[in-house]
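# task: produce atomic coordinates for the following.
(one chain, ligands or ions: 2)
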Amino acid sequence: MKIQTDLEIIKELAEKRERENLEFRAFLKESYMETEEMDEIVHNLYEQVINEIDCKKCGNCCREISTVMAESDIERMAKGLGLTDSEFISQYLEEDDDGFSKELVIKSLPRPFLKGNICTCYEHRPEDCRSFPHLHKDEFVFRLLGVVENYEICPIVFNVYELLKKRFSWPKKRKRGWYSS
Ligand code: SF4
Ligand code: SF4
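Numbering: from 1, shown residues only. Ligands and ions are numbered 1, 2, ... in the order given. Next up, the predicted model:
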């Protein structure tokens, strides 16, 4: 499979495949496979894909996703920039209130640390940024909603999810009646 990195094409395909992606998610959730076995497959695909994608040419997660800041992130970044925690918070963070909880996130407009596609505070970046797109983690089947959401944003997620469909011969098996939703 050709690795797709064009963000426009990925966005277009994500819209077209919205239903298919949700159906595949349901298939994976209900799959007979052990969590560890699924994780091993995903981790291998992830390794394969990250070797072919250069995040420095993309930066889309930095533009599209809010970064939640833990206390330790604030301390580390403030120190890295030579600021006190409160100076850092007032200059770079804003409150995100979704009606259920309030969190501090990096200001979205303008993105203060993004220059082109490059993070200007890479060494001190928050955990949330370090671990994105989370495909190296265990228990993939319990994080599928996030995976489907990130499919249109992140080329790594897009390609891993597509390779996973291939791995499970999706949607051929469904059409043969092997799986019914
Ligand atoms: S802190 Fe850096 S890595 Fe994180 S979202 Fe901002 S620019 Fe991207
Ligand atoms: S993690 Fe994904 S969205 Fe972020 S820069 Fe890398 S390929 Fe792009």
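# which residue, other than its chain neighbours, is closest to residue 165?
Using C-beta to C-beta, 6 or more residues apart in numbering and skipping residues adjacent in sequence, the residue nearest residue 165 is residue 24, 5.9 Å away. Every residue, glycine included, has its C-beta placed from N, CA and C.
# cool, residue 167 as well?
residue 41 (6.3 Å).
# and the nearest residue to residue 66 once chain neighbours are set aside, which of the three is it?
Counting by C-beta to C-beta, 6+ apart, residue 66 lies nearest to residue 105, which is 4.3 Å off, once chain neighbours are set aside. When classified by DSSP: H, G, I helix; E, B strand; the rest coil, residue 105 comes out as strand.
# could you do residue 41 as well?
On the three-state scheme (three-state DSSP), residue 41 is labelled helix.
# so who does residue 152 touch?
Contacts for residue 152 (C-beta atoms under 8 Å, 6 or more residues apart in numbering) come out as 10, 11, 14, 15, 158.
# what subset of those is buried?
10, 14, 158 (16 or more other C-beta atoms under 10 Å).
# could you export these as TSV, including pLDDT and distance to ligand 2?
Output for the buried ones among the contacts of residue 152, formatted as TSV (pLDDT from 0 to 100; distance: C-beta to the nearest ligand atom, whole Å):
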residue	pLDDT	distance to ligand 2
10	98	10
14	98	13
158	98	9
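# and the residues you listed as CSV, adding secondary structure?
Listed next are these as CSV, based on three-state DSSP:
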residue, secondary structure
10, helix
14, helix
158, helix
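# ligand 2 versus the residue nearest the centre of the chain, what's the distance?
Against the mean C-alpha coordinate of the chain, by C-alpha atoms, centre = their mean, the closest residue is residue 133 at 3.2 Å. Using C-beta to the nearest ligand atom, to the nearest Å, residue 133 is found at 5 Å from ligand 2.
# can you give me the buried ones in stretch 145-157?
Buried, per 16+ other C-beta under 10 Å, within stretch 145-157: 147, 148, 150, 151, 152, 153, 154, 155, 156, 157.
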